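Undergrad: The sequence and its predicted three-dimensional model are supplied below.
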Amino acid sequence: MSTGNLKDIVVNVENLEVTFDEKKIIRNVSFNVRRGEIIGFFGISGAGKTTIIRVLTCQISKKNWTGNVNVTNLSPGSKKNYAKILSNIGYVPQLEELNLYYDLTPLKNVEVFASCYGMKKKEAKNIAMELFSILDIPEDTWNKPLKKMSGGEKKRVSMAIGLIHKPDILFLDEPTTGVDAAKRYDVLSYLKKLNRRLGTTMFLITHDMEAALIVDRAAILRDGKLLEFDSNSNLITSLPNNGLVARFSIENLNEEKINIIKRFPNAPNIKTIRVGNETLEVLMDDFEKNLSKLIQFMMENGLKINAMSRDVAAFRRYFQLRIQEEEEKERLIRIQQDAIEEVEI
Ligand SMILES: Nc1ncnc2c1ncn2[C@@H]1O[C@H](COP(=O)(O)OP(=O)(O)OP(=O)(O)O)[C@@H](O)[C@H]1O
Ligand SMILES: [Mg+2]
């Protein structure tokens, strides 16, 4: 990875390890983030996403972590830096109830937060109005109690609050959770718009694979380890044949049939992923050359193909494949360890 101009690095994490109750939660995580980037943090529940963000936002005591961490060139390992770091960053919590007063108007809500940063009322109001406009929050709601707004509008007010003091970095924990499917994309496009207009660096913790569409780089975490940290397109082109996928509908698909496909001799690096009851996706090197041979191989081995289509893998597939690969690696390591233990006994 090119680290760009060092001046442009707003977050630098080297060998971060976090331990709670003698249990290692984060293992040797390192990455850099450049000014203006949108970073997505992806990983199944318990992977350690929130924990890393909590270290960056001064919410975890230095007693619990080791490594070199800098946020806007200041270490959250030293309490004397907390106030300065917190004035350089904004935080939008997962549940917007946590930073909103429902009986106050959107403008009053912003004022309350702005006063915590020592901002003048007028200045706060001007910035709030600019943010509300970028976020398309209807002007006739600005002076009415927040409880009358829709869920999506409240979420956008919560984002405006995170940005009121013009932070360099905005951290968002699950910004699309609890937003209905149709509106989820709106939230993401507002974030992109804010990022473009204000140049704010953003960290998005999310389970929403669609979010990959707006991030510059995606971090994939599993079991406290950072498996990948790269752009969506680099991740997908690292797949066999740049992520070209053959999707098969196979009659009575089961593990045994999938194992037959995995043994296709012409493409040792073949990858399979089950995406439905009878639907299997296959990725392999030399896709064009191998596809007809694979079909022939499947038929010779008694598999009945009912339909086939082609596609290019999206981030969701990359993520599933990468996690699957890691699980497989760990399974092999466990088998080896068990074998060694047996020999020792
Ligand atoms: N203060 C704590 N004390 C002990 N264990 C903790 C603490 N905070 C987090 N953990 C553990 O660390 C692991 C990672 O938690 P974390 O909240 O970072 O996961 P996550 O990736 O954000 O998950 P989710 O998607 O569910 O929010 C979990 O196993 C969790 O139980
Ligand atoms: Mg979390």
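TA: Yep, that arrived. Ligands and ions are numbered 1, 2, ... in the order given.
Undergrad: can you list the residues of the stretch 151-300 of the chain near ligand 1?
TA: Applying Cβ under 6 Å from any ligand atom, one finds that the stretch 151-300 of the chain does not approach ligand 1 at all. Glycine gets a C-beta too; all of them are placed from N, C-alpha and C.
Undergrad: mind listing the helices for the stretch 151-300 of the chain?
TA: 151-163, 181-198, 232-237, 255-262, 287-300 (DSSP state H, counting those that start in this stretch).
Undergrad: of the ones you listed, which approaches residue 333 most closely?
TA: Each of these has some distance to residue 333 by Cβ to Cβ; the shortest is helix 255-262, at 19.5 Å.
Undergrad: Return the set of buried residues in the closest one.
TA: By neighbour count on 16 or more other Cβ atoms under 10 Å, the buried set for helix 255-262 is 257, 258, 261.
Undergrad: same question, stretch 91-104
TA: 91, 92, 93, 96, 99, 100.
Undergrad: Same question for stretch 262-282.
TA: Across stretch 262-282, burial judged by 16+ other Cβ under 10 Å covers 264, 267, 270, 271, 272, 273, 274, 279, 280, 281, 282.
Undergrad: likewise stretch 196-215?
TA: Here stretch 196-215 shows 198, 200-206, 208-209, 211-212, 214-215 as buried, counting by 16+ other Cβ under 10 Å.
Undergrad: for stretch 318-332, same thing?
TA: Per 16+ other Cβ under 10 Å, stretch 318-332 contains these buried residues: 318, 319, 320, 321, 322, 323.
Undergrad: Helix, strand, or coil at the third one?
TA: Three-state secondary structure (criterion: DSSP: H, G, I helix; E, B strand; the rest coil) places residue 320 in helix.
Undergrad: Okay, now the unreliable bits of the stretch 1-150 of the chain?
TA: 1-6, 96 (pLDDT under 70).
Undergrad: at 80 instead, please
TA: For the stretch 1-150 of the chain, the stretches flagged by pLDDT under 80 are 1-7, 95-99.
Undergrad: how about the residues of it near ligand 1?
TA: Applying Cβ under 6 Å from any ligand atom, we find that the stretch 1-150 of the chain lies next to ligand 1 at 20, 21, 25, 43, 45, 46, 47, 48, 49, 50, 51.
Undergrad: for the strand or helix carrying the last one, packing partners?
TA: Assessed by DSSP states H and E, residue 51 sits inside helix 49-56. Secondary structure elements in contact with helix 49-56, counted by 3 or more Cβ pairs under 8 Å, 6 or more residues apart in numbering; DSSP states H and E, are strand 9-20, strand 23-34, strand 38-42, strand 65-71, strand 169-173, strand 201-205.
Undergrad: ok, now with 10 Å
TA: strand 9-20, strand 23-34, strand 38-42, strand 65-71, strand 89-92, strand 169-173, strand 201-205, strand 217-222 (3 or more Cβ pairs under 10 Å, 6 or more residues apart in numbering; DSSP states H and E).
Undergrad: can you pull the buried residues of the fourth one?
TA: Yep, that's strand 65-71 we're talking about. Using 16+ other Cβ under 10 Å as the test for burial, strand 65-71 gives 65, 67, 69, 70, 71.
Undergrad: quick one, it and strand 9-20 angle?
TA: Angle between the axes of strand 65-71 and strand 9-20 is 160 degrees (criterion: axes from the mean of the first three to the mean of the last three Cα atoms, to 10 degrees).
Undergrad: related to what we said a few turns ago, now the buried residues of stretch 318-332 as TSV including distance to residue 238?
TA: Listed next are the buried residues of stretch 318-332 as TSV, based on distance: Cβ to Cβ, whole Å:
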residue	distance to residue 238
318	8
319	13
320	15
321	10
322	10
323	15
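Undergrad: what's the farthest-apart pair in the residues you listed?
TA: Most distant of these, by Cβ to Cβ, are 318 and 323, 9.7 Å apart.
Undergrad: shared neighbours of the two, anything?
TA: Shared contacts of residue 318 and residue 323 (Cβ atoms under 10 Å, 6 or more residues apart in numbering): 42, 220.
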